[in-house]
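Trainee: Got a sequence here, can you model it:
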Amino acid sequence: MKMTPDTQKKAIAVVVFVLLAAGILYYQLSDSSPAPRPVSPTPVQSVAPPRPGSAAGTAKNVGSASTQLDPTLHMKAMLVAERLVYSGTGRNIFSVAS
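Mentor: Model (predicted):
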């Protein structure tokens with residue numbers, strides 16, 4: 001089978017495109033960088049003002065930040081927020097004309 005110059009150029013272009021796409025895909029999927037190490041939470045420290053007779057600038061460890069989060073729901077605050085009623089001034093912020 002004999003290829004014409006036009007068909008030969010198209011075939012070379014297709015091969016170059018396929019090789020380029022394979023190279024980009026390989027580069028994107030290769031794991032060239034090391035995996036990030038997991039970060040452990042650092043303890044939160046508070047500094048009390050120096051008192052007479054004590055060591056100045058002594059830090060007090062109060063635990064990590066994750067132990068200070070309170071995941072409980074505060075129902076009183078939620079009920080106050082639910083009872084709020086919007087009483088606007090009559091201006092529609094979604095309208096250009098007002």
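Trainee: and stretch 9-29, average pLDDT?
Mentor: For stretch 9-29, mean pLDDT is 94.
Trainee: Give the buried residues for that stretch.
Mentor: Going by neighbour count (16 or more other C-beta atoms under 10 Å), nothing in stretch 9-29 comes out as buried. Backbone N, C-alpha and C define where each C-beta goes, glycine included.
Trainee: how about the strands in this structure?
Mentor: Secondary structure of the chain, counting by DSSP state E: strands at 43-47, 59-64.
Trainee: For the protein, which residues score under the pLDDT cut-off?
Mentor: 1, 32-36, 39-68, 98 (pLDDT under 70).
Trainee: All the helices of it, in order from the start?
Mentor: Along the chain, the segments classed as helices by DSSP state H run 5-29, 75-82.
Trainee: what packs against the last one?
Mentor: Applying 3 or more C-beta pairs under 8 Å, 6 or more residues apart in numbering; DSSP states H and E, we find helix 75-82 packed against no helix or strand.
Trainee: now swap in the longest one and tell me
Mentor: For helix 5-29, not one helix or strand is in contact under the criterion 3+ C-beta pairs under 8 Å, 6+ apart.
Trainee: If anything else comes up later, I'll come back, but that's it for now.
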